[in-house]
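>>> Could you look at this predicted model? Sequence included:
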Amino acid sequence: MTVQFTGSDDGVTVVDPIERRRVQLRTGERAVPRAVDPETFLFPVGAACAIETESLGLDRADDAHVRDADGRSIASLLTDQELTLPREEYVIEISAPIKLYLEVETALSVTAGGGAIRLSFDGPVEVQIGARSYHKRPAATITTPDDPEAMMTAVSALSSALQSTTCERAYPTLRGHPPLLERGDELDVPSSIEPPDTGVEIVIPPSYEHLFAAAPLAFYTGATLVPGDSALLRTEAGWEQRLGGWQNFEDEVADTLKQLVLMDCVVRTEGLYPVDLHERSVLEASLPFDLGELYSLPLAKQIPEYLSVPYQAIEEYVPRWVLTAHIPAEPRGVEALPFVCNELGVVRLPRGTRINSPYERTSGYSRDGPSTPSVAAPGAGDTVRGPSVDVRSESGGSTRSESGSSVRGGSRSGGDARDRADLTLVQPERTDESIEHAWFGEHLPRGATKATVQAFRSKLEREPPGETVDITVVCNDAEMVSEQESLDDLYGDRTDVSYDLHSHYGLSTSELREVLANPDSDFLHFIGHATPDGMECHDGRLDIREMDEVSVDAFLFNACQSWRQAVAMTERGAIGGVGTLGDVENDYAIDIGKAMARLLNLGFHLRSALELVREHTVIGEQYLVFGDGSLDLAQPEEGTPFLTEVESRADGNYDVAVHIYPMTATYIGGMGSPSIQEIDTYYLGPGKTDTWQFTETEVREYLRSHRYPVRFDGELKWNQTENE
């Protein structure tokens, strides 16, 4: 299903039905689009139309560039900018939720600012509109036996998804989804899979540990994986660099990948996007090479130059990484690699420490089972809390914790003890490297995502959804109605996204089963109680483990100890969601439910939304993402989700910085510019911008123009009223 164009009395609506993205191009008059050949466009598009109009505008502050007929950049459109150009052929590139290219021959006036872009022409002219979906699908499936050397051949073929081997491949849209990998008796690489010949090799010992860790670097560089006694990165010209012994191999590979991506992002500003990039401005003077000369070199000659710079010299400018995947060094781990490489994730073994009680850590946890603790035992006051061990009353419902606060249900009839018996909670060795740490190992990771390959496959296999985001809120406890009522005002309050909100109270097991099986339901927000045996309903418990499949794409189970049911959701067709490890007190849970609703409504991923919740709530660590943390519900209101940080100064002014978060189309390698007056610099994302000083009047004016969250003197704020 391709991108679609629909005319209206006020312009053209561009819709991507698969990604559920929509862009409104306003003309101020009726527009009747007619289909044109996409092959005639200078840049690749999937669908195209033409309209006649005197003007065209977007009520969005998306990244945009004006180019000449040959694609050379004329100007980048930033905040509060006006541009007048003589009559020529122009290409206007707009990185909206759907990639747009407007081709027109005219005299052109452009105004950017106030969260909008306006284009004016020298009269009624034909504007050709090309659109490209950000949706990516694997081109094929590669079968590999469990032999590590055969797997090396299979993993080497993942780079066939690269659409360029120049430094422009740092742009996420020029990296396609790698082919899928599945295990079988024989190696089978379809003839349609053709990895590029980049002249780069990665030599590694033939082990799962080395292979999995090297996979993202091999994908990004188009490298061939070669068996050998030691680990090396080398090129056809004879250059080589060691990748460390086993103990630091993961770190060496991760640092090399990050350095290559950063350098590509800096060097590519010599090409199609000559923007004022912050990272270039701070690094260029210290780099031992000329960016213009390096831009034209092949990848195999760029790599030695890039890596001649010590990593420590550029580390602080590396964008914040999106994903670290903790994958067991065993054959089944290979099936996760295409999804991890798709996001340029870092791969590590699932090392961590078992948490056997609310107050102590004991033996270390690794793929081989108990071992010497891999994380130091806590000292005085350094306690690690696991799930609550409160015993639930036979009558169920809300009970009291030791503090006397109302708690969202737990188990009954001894179920809690059984649940603890087969729950191993693990503290991963690292949870601070990326926005999301996806744990593909056994057991439950605290502070990370409980990831499953099935959840990523479900995302690929789902049928194209409708244009409307269908949200179902279920409240199965009368004491929690206040949370449900507050959500009516939080979900669906946007004019650029079509919502269909359904609210239910006190569902039975059969009614809740129908909700979970509804193919039109995109997101379920459940408020109530859970036990090890299921979700509480007025006539008993619905155990999702007993269902064959579910059709809900995403979920939030705001109920005690809902982790088992959350796992069952991702094993039966859900793509991703949030559940709880232990008990959650009602007041705190209401705050978390509202915060998640606000963030998801604004276009944050599950992973980013939960990270912010953990940072700003008392019991946020009790919540985990399950499945695919990259799932979102709605497109961002602007180019990408962000959080503005405002700190009061002693002189009465304010320090202001922006934290850029990823959107579905822009993972590692994307960039953005804050919509702040007189700021004309781009920054790599995700990450934090510079800090600027503004007066109170300037801060108020800026905050009134955005609905994204604000951290004001450490406290999270949500809307214009609060921000004032």
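Cool, the structure landed.

>>> Now for the spatially most central residue of the chain: which residues touch it?
With distances taken as CA atoms, centre = their mean, residue 630 lies nearest the centre of the chain, 3.9 Å away. By CB atoms under 8 Å, 6 or more residues apart in numbering, the contact set of residue 630 is 323, 343, 436, 576, 605-607, 662, 664. Quick note: C-beta positions are derived from backbone N, CA and C, even for glycine.

>>> domain assignment for the protein?
For the chain, automatic domain parsing gives the domain ranges 4-132, 141-348, 466-627, 642-723.

>>> In JSON lines: those domains, plus distance to residue 425.
Supplementary listing: the domains of the chain in JSON lines, determined by distance: least, CB to CB, whole Å:
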{"stretch": "domain 4-132", "distance to residue 425": "35"}
{"stretch": "domain 141-348", "distance to residue 425": "15"}
{"stretch": "domain 466-627", "distance to residue 425": "7"}
{"stretch": "domain 642-723", "distance to residue 425": "27"}
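
>>> With respect to burial, which of those domains scores highest?
domain 466-627 (a mean of 21; mean count of other CB atoms under 10 Å).

>>> what's the average pLDDT for that one?
Confidence for domain 466-627, expressed as mean pLDDT, is 90.

>>> hmm, who's touching the one helix or strand residue 614 maps to?
Assigned by DSSP states H and E, residue 614 falls within helix 606-616. Under the criterion CB under 8 Å, 6+ apart, residues 322, 435-436, 447, 449, 554, 576-578, 592, 595-596, 599-600, 604, 620-621, 623-625, 628-632, 641, 643, 661-662, 709, 711, 715-716 lie in contact with helix 606-616.

>>> Can you tell me what sits against the helix or strand harbouring residue 512?
Per DSSP H and E: residue 512 is located in helix 509-517. Helix 509-517 has contacts (CB under 8 Å, 6+ apart) with 472, 474, 476, 504, 507, 521, 524, 535, 537, 539-542, 544, 547, 549-552.

>>> If we use 7 Å, what do you get?
472, 474, 521, 524, 535, 537, 539-542, 544, 547, 550-552 (CB atoms under 7 Å, 6 or more residues apart in numbering).

>>> Equivalent analysis for stretch 324-339, please.
138, 144, 146, 151, 155, 158, 178-183, 208-209, 212, 215, 340, 345-350, 367, 428, 430, 433-434, 437-441, 453, 456.

>>> Could you export stretch 309-319 as PDB, CA atoms only?
What follows is stretch 309-319, C-alpha atoms only, in PDB (Å, rounded to 0.1, in the frame of the first residue of the first chain):
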ATOM      1  CA  VAL A 309      41.500  10.400  15.700                       C
ATOM      2  CA  PRO A 310      41.500   9.100  19.300                       C
ATOM      3  CA  TYR A 311      38.000   8.100  20.300                       C
ATOM      4  CA  GLN A 312      38.400  10.100  23.600                       C
ATOM      5  CA  ALA A 313      38.800  13.300  21.600                       C
ATOM      6  CA  ILE A 314      35.400  13.000  19.900                       C
ATOM      7  CA  GLU A 315      33.400  10.900  22.500                       C
ATOM      8  CA  GLU A 316      31.500  13.800  24.000                       C
ATOM      9  CA  TYR A 317      30.100  14.700  20.600                       C
ATOM     10  CA  VAL A 318      28.700  11.300  19.700                       C
ATOM     11  CA  PRO A 319      24.900  11.400  19.500                       C
END
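
>>> can you give me the offset of that stretch from its chain's centre?
23 Å (CA atoms, centre = their mean, to the nearest Å).

>>> Give me the contacts around that stretch.
Outside stretch 309-319, the residues touching it (CB under 7 Å, 6+ apart) are 255, 258-259, 262, 279, 282-283, 286-288, 668, 684-687.

>>> can you tell me which two in those residues are farthest apart?
By the measure CB to CB, 288 and 686 form the most distant pair in the contacts of stretch 309-319, at 28.1 Å.

>>> any idea which strand is longest in this protein?
strand 116-132 (DSSP state E).

>>> Could you point out which residue ranges in the stretch 601-724 of the chain have low pLDDT?
664-666, 677, 719-724 (pLDDT under 70).

>>> What segments of it are helices?
Counting by DSSP state H, counting those that start in this stretch, the stretch 601-724 of the chain has helices at residues 606-616, 696-704, 720-723.

>>> These: which one's closest to residue 460?
helix 606-616 (17.1 Å).

>>> Show me how far that closest one is from its chain's centre.
12 Å.

>>> and if you look at stretch 66-79?
For stretch 66-79, the distance to the chain centre is 28 Å (CA atoms, centre = their mean).

>>> What are the contacting residues of that stretch?
Applying CB under 7 Å, 6+ apart, the set of residues contacting stretch 66-79 is 42, 64-65, 83, 88-93, 110, 112-113, 117, 272-275, 673, 675-677, 679-680.

>>> So for it, mean pLDDT?
On average, stretch 66-79 scores 86.

>>> Switch the contacts of residue 630 over to JSON lines; also include distance to residue 309.
Rendered in JSON lines, the data for the contacts of residue 630 read as follows (distance: CB to CB, whole Å):
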{"residue": "323", "distance to residue 309": "25"}
{"residue": "343", "distance to residue 309": "25"}
{"residue": "436", "distance to residue 309": "28"}
{"residue": "576", "distance to residue 309": "37"}
{"residue": "605", "distance to residue 309": "32"}
{"residue": "606", "distance to residue 309": "36"}
{"residue": "607", "distance to residue 309": "31"}
{"residue": "662", "distance to residue 309": "26"}
{"residue": "664", "distance to residue 309": "32"}
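
>>> Quick check: of the residues you listed, which lies closest to residue 129?
Residue 129 lies nearest to residue 664 out of these, by CB to CB, at 21.8 Å.

>>> longest helix of this protein?
helix 246-267 (DSSP state H).

>>> Who are the packing partners of that one?
Helices and strands touching helix 246-267, by 3 or more CB pairs under 7 Å, 6 or more residues apart in numbering; DSSP states H and E, are helix 208-221, helix 278-283, helix 291-295, helix 299-306, helix 311-314.

>>> Residue 485: which of these is closest?
That would be helix 278-283 among the helices and strands packed on helix 246-267, by CB to CB, at 43.8 Å.

>>> Contacts made by that closest one with the rest, please.
262, 265-266, 269, 314, 317, 681-684, 690.

>>> 6 Å instead, please
Residues outside helix 278-283 that contact it (CB atoms under 6 Å, 6 or more residues apart in numbering) are 266, 269, 317, 681, 683-684.

>>> again, but for stretch 217-226
Taking CB under 6 Å, 6+ apart as the rule, stretch 217-226 contacts 152, 155-156, 158-159, 162, 165, 196, 198, 200-203, 253, 257, 341.

>>> From the chain's centroid, how far away is that stretch?
Its chain's C-alpha centre and that of stretch 217-226 lie 23 Å apart, by CA atoms, centre = their mean.

>>> Which among the helices and strands packed on helix 246-267 is found nearest to residue 60?
helix 278-283 (22.7 Å).

>>> Tell me how far that closest one lies from the chain's centre.
25 Å.

>>> what's the answer for stretch 177-186, then?
24 Å.

>>> again, but for stretch 266-274
So, by CA atoms, centre = their mean, the centroid of stretch 266-274 is 24 Å from its chain's centroid.

>>> Can you give me the end-to-end span of that stretch?
10 Å (CA to CA, to the nearest Å).

>>> what's in contact with it?
Here stretch 266-274 has contacts from 73, 167-168, 170, 277, 279-280, 291-292, 294-295, using CB under 6 Å, 6+ apart.
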